[in-house]
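[1] Pasting the sequence and the predicted model now:
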Amino acid sequence: MIWYFNLYYRPTSYFIIISILSAIIALEIFSSDDSRDFWPIFVKIVILSLVIRGGIYFNYPSIMGYDAYFHTKIADIIMLTGSVPPFEISDKYAYAPIVHILIANVGVLCQIPVKCTVFLSIGVGSVISTLFLYIIGKNIAGPQIGLLAALLANITNDLIVRGITNITADSLVVCYLLAMLYLTFADTVHINIRDSLLIFFSLLLVITHQLSTFVVFLILLTLISSQAIISYIHGVHFQKSRSIIYLMLFGIAIVAHWISIEFPGGSTFFDFVLGPFIDVIRAGGEYGSDLLIVGHAYERPLFDLLILQSSYLILPFFAIGGLLLWMSPENRKRFSIAVVAAALFVLVYGIPLLGIRNLLTSRWMPLLCIFLAILAAAFIWRSVHLMSSRTGKICSVFLVVFVFAFLMITTPGINKDNPLVSKDTTIRNQFTYSEIQAAETIESVFDGDTYVDSTFLGAYVYHTDPVISEKEIAVSKQVSQLDISGNNDLIGANNLFVLRTCTLYEPVTVKASHLYGDSMARIIPQSFFDSFESHHFNLVYSNSYVLGYLSC
């Protein structure tokens, strides 16, 4: 009913209801001691997770995200032509096409719109794959902790972002990692079958994404090394030779693929990754500590600041408690989970301190959250059971999970339509029917170069159809980002400038400096719009929400 009666908007009651439902499921987990109750609870977690993602994803008619438009376009071309588009279209993803092939296959088999195809292939897949997280937690610490870990993971902000709100090639990597972790910890799977599946998923990872595959390699290296060390200390048998051979094969496959990948301009993937690292060693990082830690200074009310900071800190807060609980090497499986979480945490926050931005460590967070969710579940479970009062246990569980869910699902990262906090700096990357119609109409009648605001760029390019012939696929039109500094008069004639009127009060992404990833949110000033009301431009399109000016 909320979706039906509120287009482009979800009221606060929606988030409260979702948080209450999450807390009720947590109460079921804590009150169930019969194994027959566990699978129905997991089904409820899956349904709730799909409701959360569906509410975010289908609240606007457009696909959401930034990179998602590019990846969906590649999948569209694969569905249309039956082959992966060349390097000129796919860029480096010509060497890593698995996620695009998956989306294309689902679209062809199900014959559904591409928006639903993305949700079915990635959104549903990422939720179902948390089954492995439940089994891992069950095998290591018990079924209740496994279920609670699955619940916390499915409502965690970073996993929702990578699972549906910004589809990229590494969205599939999270699913592969969960399956590989299950195989690593599974004692019931025959060792030959387990190793064969691990090698299969490893090779699949290599042609799915570049950096995320390297992160998975680091995770497995840390995981297997910690287990080997603990096994050696306690004199327990461990398949050391098999593990070494597997890691060597995985590492060789990654390096071999990286060597073959070509980037625009003729540079290699090694140049892209190692070049800035060498520069940092020689000259130091370009990022100062203030910019690293504080970022750009936005004036926020105390309530907004409290909610935002709490949403970032609540999962690590509980996970650190679980880390301390599981750092004891008495149980090698629990200990290895704790070691991997600690090592990843150091890398995620340590690498940017060197001034290195090309490793995109923010993209590593969903992989880290898998381990943090297990540790957080263990800590919450242990803490609640320290209480003697049953009423205190019930209230504590309900309150903790309710607050956790509310903080996660209300953050601006996934809540673009009705941000409860930081509304002035939240960038809406979903688009209305009017904005989509403008892009489709202008694209169908105009053949020249087009300039749009940075946030709308991906969606506009998505509606620019490439020229497809029997021999080649080529982009016929150039779509570029608007320069809001006022230098548009330097651009030649017959160029189209597309302005969304909502950018007068809704912020868009603006590059703040030449540093990689250094951008900020700001609205486009009225003076920029006024600059097009001159004899140098003609108004050629208007639907009140989108204006199109053609330069003379």
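    Sure, I can see it. Numbering: from 1, shown residues only.

[2] ok, now which ones touch the residue most central in space within the chain?
    Here the mean C-alpha position of the chain is nearest to the C-alpha of residue 162 (C-alpha atoms, centre = their mean), at a distance of 2.2 Å. With C-beta atoms under 8 Å, 6 or more residues apart in numbering as the criterion, the residues that contact residue 162 are 126, 168, 170, 171, 174, 363, 366. (Each C-beta comes from the backbone N, C-alpha and C, glycine too.)

[3] Out of those, the closest to residue 345 would be?
    Sorting the contacts of residue 162 by distance to residue 345 puts residue 366 at the head of the list, at 13.8 Å, by C-beta to C-beta.

[4] By neighbour count, which of the contacts of residue 162 wins?
    Sorting the contacts of residue 162 by how many neighbours each has (other C-beta atoms under 10 Å) puts residue 171 first, at 30 neighbours.

[5] if I look at that residue, how far off is residue 201?
    Counting by C-beta to C-beta, to the nearest Å, the separation of residue 171 from residue 201 is 15 Å.

[6] Check residue 50 too.
    Residue 50 sits 24 Å away from residue 201 when distances are taken as C-beta to C-beta.

[7] Next, the residue lying closest to residue 165 once chain neighbours are set aside: secondary structure please.
    Nearest residue to residue 165 in three dimensions, chain neighbours excluded: residue 414, at 5.0 Å (C-beta to C-beta, 6 or more residues apart in numbering). For residue 414, the secondary-structure state derived from DSSP: H, G, I helix; E, B strand; the rest coil is coil.

[8] Quick check, pLDDT for residue 414.
    What the model reports for residue 414 is a pLDDT of 87.

[9] show me what contacts it?
    Under the criterion of C-beta under 8 Å, 6+ apart, the neighbours of residue 414 are 56, 157, 160, 161, 165.

[10] let's see 10 Å
    Residue 414 makes contact with 52-53, 55-57, 64, 157-158, 160-161, 163-166, 408, according to C-beta atoms under 10 Å, 6 or more residues apart in numbering.

[11] Please enumerate the strands of this protein.
    For the chain, strands defined by DSSP state E occupy the ranges 450-452, 467-468, 473-474, 479-481, 496-500, 508-511, 519-522, 537-542, 546-551.

[12] now the helices for the stretch 1-150 of the chain?
    With DSSP state H, counting those that start in this stretch as the definition, the stretch 1-150 of the chain shows helices at residue ranges 2-5, 12-31, 38-57, 67-81, 87-90, 98-110, 114-118, 124-128, 130-141, 143-154.

[13] Out of those, which is the most enclosed?
    Among the helices of the stretch 1-150 of the chain, judged by mean count of other C-beta atoms under 10 Å, the one packed with the most neighbours on average is helix 143-154 (a mean of 27).

[14] Could I get the CA-only coordinates of it as CSV?
    C-alpha atoms of helix 143-154 as CSV (Å, rounded to 0.1, in the frame of the first residue of the first chain):
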residue,chain,number,x,y,z
PRO,A,143,22.2,-22.2,14.0
GLN,A,144,20.9,-19.2,15.9
ILE,A,145,24.1,-17.3,15.3
GLY,A,146,24.0,-18.3,11.6
LEU,A,147,20.5,-17.0,11.2
LEU,A,148,21.2,-13.8,13.1
ALA,A,149,24.3,-13.3,10.9
ALA,A,150,22.2,-13.8,7.8
LEU,A,151,19.6,-11.3,9.1
LEU,A,152,22.2,-8.6,9.9
ALA,A,153,24.0,-9.1,6.6
ASN,A,154,20.8,-8.7,4.6
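
[15] so for that helix, what's the average pLDDT?
    Taken as a whole, helix 143-154 carries a mean pLDDT of 95.

[16] Against residue 43, how distant is the nearest residue to residue 38 once chain neighbours are set aside?
    Excluding the flanking residues, the one nearest residue 38 by C-beta to C-beta, 6+ apart is residue 143, at 5.0 Å. Counting by C-beta to C-beta, the separation of residue 143 from residue 43 is 14 Å.

[17] Hmm, residue 235 and residue 332 touching each other?
    No - the pair residue 332 and residue 235 fails to qualify as a contact (C-beta atoms under 10 Å) at a distance of 11.9 Å.

[18] When those two are compared, which one has more neighbours?
    Under the criterion of other C-beta under 10 Å, the comparison of residue 332 against residue 235 puts residue 332 first, with 19 against 6.

[19] OK, contacts around the more buried one?
    226, 227, 228, 229, 230, 231, 233, 234, 236, 238, 339.

[20] out of the residues you listed, which one sits closest to residue 185?
    residue 227 (9.4 Å).

[21] Looks like residue 403 contacts residue 317 (just checking).
    No - when contacts are counted by C-beta under 10 Å, residue 403 is not listed as touching residue 317 (11.2 Å).

[22] residues shared between the contacts of those two?
    Taking C-beta under 10 Å, 6+ apart as the criterion, residue 403 and residue 317 both touch residue 310.

[23] ok, now how distant is the residue nearest to residue 165 from residue 336?
    The span separating residue 414 from residue 336 equals 31 Å under the rule C-beta to C-beta.

[24] Check residue 367 too.
    When distances are taken as C-beta to C-beta, residue 367 and residue 336 turn out to be 15 Å apart.

[25] Give me the residue ranges of the stretch 451-552 of the chain where confidence is low.
    Using pLDDT under 70 as the threshold, the predicted model of the stretch 451-552 of the chain has low-confidence ranges 465-477, 485-492, 513-518.

[26] actually the stretch 201-350 of the chain, not the one I wrote
    Along the stretch 201-350 of the chain, the model assigns pLDDT under 70 to residues 234, 237-239, 264-267, 272-273, 276-277, 279-298.

[27] Need the distance between the two termini of stretch 120-140.
    As for stretch 120-140, its first-to-last residue distance stands at 31 Å under the measure C-alpha to C-alpha, to the nearest Å.

[28] Stretch 6-18 now?
    When the termini of stretch 6-18 are compared using C-alpha to C-alpha, they are 16 Å apart.

[29] Nearest spatial neighbour of residue 315, chain-adjacent residues omitted?
    Nearest one to residue 315, counting by C-beta to C-beta, 6+ apart, is residue 372 at 5.3 Å.

[30] Might one say that that neighbour is in contact with residue 149?
    Yes - with contacts counted by C-beta under 10 Å, residue 372 reaches residue 149, the gap being 9.4 Å.

[31] who's in contact with residue 381?
    Contact partners of residue 381, counting by C-beta under 10 Å, 6+ apart, are 29, 30, 141, 142, 144, 145, 148, 149, 322, 325, 397.

[32] how near is the fifth one to residue 118?
    When you say that, I think you mean residue 144. When C-beta to C-beta is the yardstick, residue 144 and residue 118 sit 33 Å from each other.

[33] Before we move on, what's the pLDDT of the spatially closest residue to residue 162 that is not a sequence neighbour?
    Beyond its immediate neighbours in the sequence, the residue positioned closest to residue 162 (C-beta to C-beta, 6+ apart) is residue 366, lying 4.2 Å away. Predicted confidence (pLDDT) for residue 366: 92.

[34] wait, residue 366 sits on residue 171?
    Yes - under the criterion of C-beta under 10 Å, residue 366 is in contact with residue 171, at a separation of 8.4 Å.

[35] what do those two both touch?
    Joint contacts of residue 366 and residue 171 (C-beta under 10 Å, 6+ apart) are 126, 159, 161, 162, 163, 212.
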